[in-house]
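J.: For reference, the sequence and a predicted model appear below.
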Amino acid sequence: MWARLVLCCVELADLLPHLASVLIEKVELGESLVRITVRTAAGVAVGCPGCGQRSGWEHSRYVRQVADESIGGRPVRISVSVRRLYCENAVCPRKTFVEQIDGLTERYQRRTPALRRIVEAVAVALAGSAGARLLATLHHTLSSVSVLSRLMRIPLPNRPIPKVVGIDEFALLKGHRYATIITNADTGERIEVLPDRHKETVTTWVREHPGIRVLCRDGSGGFAQAVREADPTIVQVSDRWHLWHGLTEAVLKEVGAHASCWAKYGPPLREDKRAATTCERWQQVHDLLGRGVSMLECARRLGVSLNTVKRYARHSEPDRMIRAPVYRACLVDAYRDHLRQRRAEDPAVPVTHLLAEIREQGYAGSANLLVRYINQGRVESDHAALSPRKVTGFLIRHPDHLDDKRFIQRDQLASACPEMTALTTQVATFAPLLTPRQENAEQLTTWITRTRAADLPFLHSFANGLERDRPAVDAALTLPHHNGRTEGVNTKIKFLKRLTYGRAGHNLLRQLVLLN
């Protein structure tokens with residue numbers, strides 16, 4: 001049963017401004033719905049959507065059902081009696097047309113513009129199923145398909161192509177399918193989402209937008225070649241974060257190669273069967289290479305891969321192939337100083353006595369954990385367990401960001417051998433180059449020359465990569481442009497993919513990316 005309630009038209013028009021231009025006949029309040037019946041005034045001329053000529057010649061009337069924003073937790077349904085009018089222009093292809101009410105009706109729509117904007121905002125923010133669940137809470141029942149359909153009908157913004165753009169790839173299906181995002185490198189606005197990362201696709205897009213003057217990218221050779229083929233005059237800028245990341249990866253490999261040098265500041269190196277096998281294999285590889293055997297033939301004779309032979313050939317001493325042990329932090333670490341002191345005073349002290357002593361101090365671990373800790377030599381080491389990644393962190397971190405204890409440890413690691421000293425120096429001299437200045441290009445040449453003179457093969461590979469992409473690297477070190485905002489958009493895309501459970505195709509994902 002409907003309870004009938006007649007309100008003053010002026011009061012209802014104040015509550016719902018989009019009803020001010022129609023005649024309100026009645027308002028019915030139900031337990032789960034508010035129904036409003038309105039009609040348009042007769043004799044009012046409106047413009048024809050085909051030719052624009054105004055007409056008030058009525059052909060007929062019919063009732064439209066339009067959903068509106070909810071009131072008091074109840075959905076609103078508006079029954080609108082609208083006119084079909086004749087077009088009085090004889091040459092107009094339209095013979096009749098239906099009048100539209102500003103703020104209330106739109107062609108082919110069963111929602112008011114206000115409700116449509118709500119649905120669109122939810123669709124852009126949450127997409128399919130999540131958007132449908134939120135709209136149900138807002139008292140608007142839509143299926144996930146309807147939400148996606150509304151999302152796909154939203155017109156995309158017409159953004160002008162800037163002079164400075166950023167480009168990056170992102171995974172649609174990691175390891176299999178990728179797409180490309182193009183943004184405004186200065187503001188982060190999304191410009192376009194390409195369906196793949198192929199060189200031909202990027203080349204075609206760049207040729208279709210000739211206003212681009214600067215393009216920021218990572219170290220991708222495919223993007224570099226595509227831009228060169230499309231327009232050689234475009235200045236390519238390599239991303240400074242990727243330069244630092246590439247240096248960090250090279251430093252990590254160098255640190256791992258010199259584990260035998262800095263391992264004395266951590267637990268002792270393993271002297272087990274694996275270490276003996278490593279030394280024996282190194283000797284075999286270098287004996288064959290010394291007799292003039294090629295690397296490929298070495299791999300065939302020894303039954304290993306070519307990359308393994310290259311790795312052994314790169315090291316001048318077998319000890320550099322032995323990696324320092326990597327231990328996780330454990331419950332015994334907090335009592336290491338006490339254990340060192342007791343074993344220094346009495347080297348034959350039983351483990352059971354040590355266990356009882358540290359349990360009095362709060363140790364909650366097992367006896368087996370303490371035995372393994374002692375047998376691994378972690379008690380006698382000068383520092384807690386070190387790993388190549390942790391040592392790399394000491395070397396690449398700014399000295400001002402280290403406390404006194406870690407600063408001393410960093411100096412000890414840097415002085416472990418001449419190669420570690422050279423590595424630390426090269427890291428310290430490369431970091432200032434990441435602040436753009438005009439003289440950085442010349443200083444980079446000096447840095448590369450000094451790197452090649454040092455016995456740092458992994459850093460040599462990094463320097464060779466800089467030389468291959470030298471124009472873009474010079475631009476990165478001398479110009480203020482960077483690809484950071486594009487990387488931020490890439491991170492947002494991962495969130496948008498999760499909203500659709502990773503099932504969004506290119507068209508839907510493009511719509512989400514460009515509208516967010």
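T.: Done, it's in.
J.: The nearest residue to residue 194 once chain neighbours are set aside and residue 168, how far apart?
T.: The shortest distance from residue 194 to any non-neighbouring residue, by Cβ to Cβ, 6 or more residues apart in numbering, is to residue 180 (4.0 Å). Placement of C-beta: from N, CA and C, glycine included. Here the criterion is Cβ to Cβ, to the nearest Å. By it, residue 180 lies 7 Å from residue 168.
J.: Also residue 466?
T.: 20 Å.
J.: ok so, going back, hang on, the residue nearest to residue 194 in a strand?
T.: Yes. Assessed with DSSP: H, G, I helix; E, B strand; the rest coil, residue 180 lies in a strand.
J.: That one: neighbour count?
T.: Using other Cβ atoms under 10 Å, residue 180 has 22 other residues around it.
J.: can you give me how far the helix or strand encompassing residue 35 is from the chain middle?
T.: Residue 35 belongs to strand 34-39 when assigned by DSSP states H and E. Here strand 34-39 is found 49 Å from its chain centre; the criterion is Cα atoms, centre = their mean, to the nearest Å.
J.: Equivalent analysis for stretch 159-166, please.
T.: Counting by Cα atoms, centre = their mean, stretch 159-166 comes out at 20 Å from the chain centroid.
J.: picking that back up, quick one: common contacting residues for residue 180 and residue 168?
T.: Shared contacts of residue 180 and residue 168, defined by Cβ atoms under 8 Å, 6 or more residues apart in numbering, are absent.
J.: Same question for stretch 297-312: list its buried residues.
T.: 298-299, 304, 308-309, 311-312 (16 or more other Cβ atoms under 10 Å).
J.: now stretch 129-142
T.: Result for stretch 129-142 [16+ other Cβ under 10 Å]: buried residues 129-132, 135, 139-140, 142.
J.: Mind picking the two most distant members of those residues?
T.: Taking Cβ to Cβ, the two most distant members of those are 129 and 139; they sit 17.9 Å apart.
J.: looking only at pLDDT, what's the mean for the helix or strand following the strand holding residue 35?
T.: Sequence order places strand 46-47 as the next helix or strand after strand 34-39, per DSSP H and E. For strand 46-47, mean pLDDT rounds to 90.
J.: swap in stretch 106-118?
T.: 90.
J.: what residue ranges in the stretch 251-400 of the chain are flagged as low confidence?
T.: For the stretch 251-400 of the chain, applying pLDDT under 70 flags the ranges 263-272, 319-326, 380-385.
J.: Helices of that one, start to end?
T.: Ranges of helices within the stretch 251-400 of the chain are 259-262, 273-290, 295-302, 306-314, 336-345, 351-360, 367-375, 388-396, based on DSSP state H, counting those that start in this stretch.
J.: out of those helices, which comes closest to residue 416?
T.: So among those, helix 259-262 is nearest, using Cβ to Cβ, at 4.1 Å.
J.: Output the closest one as CSV - backbone C-alpha positions only.
T.: Below are the C-alpha coordinates for helix 259-262, written out as CSV (Å, rounded to 0.1, in the frame of the first residue of the first chain):
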residue,chain,number,x,y,z
ALA,A,259,83.1,-12.4,-0.4
SER,A,260,86.4,-14.0,0.6
CYS,A,261,87.8,-10.5,1.3
TRP,A,262,85.1,-9.1,3.5
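J.: which helices and strands sit right next to that helix?
T.: Judged by 3 or more Cβ pairs under 8 Å, 6 or more residues apart in numbering; DSSP states H and E, helix 259-262 is in contact with helix 418-430.
J.: Could you list the residues in contact with the helix it packs on?
T.: 247, 251, 254-255, 258, 261-262, 395-396, 413-415, 447, 450-451, 454-456, 459.
J.: Buried ones only from the residues you listed, please, as a PyMOL command.
T.: With 16+ other Cβ under 10 Å as the criterion, this PyMOL line picks the buried residues out of these:
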select buried, resi 247+251+254+255+258+261+262+395+396+413+414+447+451+454+456+459
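J.: Give me the subset of the contacts of helix 418-430 lying in strands.
T.: Using DSSP state E, the subset of those located in strands is empty.
J.: Could you save the buried residues of stretch 129-142 as a markdown table and add columns showing secondary structure, pLDDT and distance to residue 483?
T.: Conversion of the buried residues of stretch 129-142 to a markdown table gives the following (DSSP: H, G, I helix; E, B strand; the rest coil; pLDDT from 0 to 100; distance: Cβ to Cβ, whole Å):
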| residue | secondary structure | pLDDT | distance to residue 483 |
| --- | --- | --- | --- |
| 129 | helix | 86 | 33 |
| 130 | helix | 87 | 30 |
| 131 | helix | 89 | 31 |
| 132 | helix | 90 | 36 |
| 135 | helix | 91 | 37 |
| 139 | coil | 88 | 44 |
| 140 | coil | 89 | 41 |
| 142 | coil | 89 | 39 |
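J.: if we take those, which one ends up nearest to residue 15?
T.: residue 139 (17.0 Å).
J.: Regarding the closest residue to that closest one other than its chain neighbours, what is its secondary structure?
T.: Leaving aside its chain neighbours, residue 139 sits nearest to residue 70 (4.2 Å; criterion: Cβ to Cβ, 6+ apart). Following three-state DSSP, we place residue 70 in the strand state.
J.: Can you tell me which of the buried residues of stretch 129-142 is closest to residue 368?
T.: Using Cβ to Cβ, these come closest to residue 368 at residue 130, 48.5 Å.
J.: Isn't that closest one up against residue 498?
T.: No. At 10.0 Å, residue 130 does not count as touching residue 498 under the criterion of Cβ atoms under 8 Å.
J.: Name the residues contacting each of those two.
T.: The contact sets of residue 130 and residue 498 do not overlap (Cβ under 8 Å, 6+ apart).
J.: I'd guessed the residue nearest to residue 139 sits against residue 138; true?
T.: Yes. Counting by Cβ under 8 Å, residue 138 is a contact partner of residue 70 at 6.6 Å.
J.: which regions of the stretch 1-150 of the chain sit below the pLDDT cut-off?
T.: Ranges of the stretch 1-150 of the chain meeting pLDDT under 70: 1-13.
J.: burial of residue 54, as a residue count?
T.: Around residue 54 there are 14 residues (other Cβ under 10 Å).
J.: what pairs with it across the strands?
T.: Beta-bridge partners recorded for residue 54 (DSSP bridges): residue 47.
J.: And it, how far from residue 109?
T.: 23 Å.
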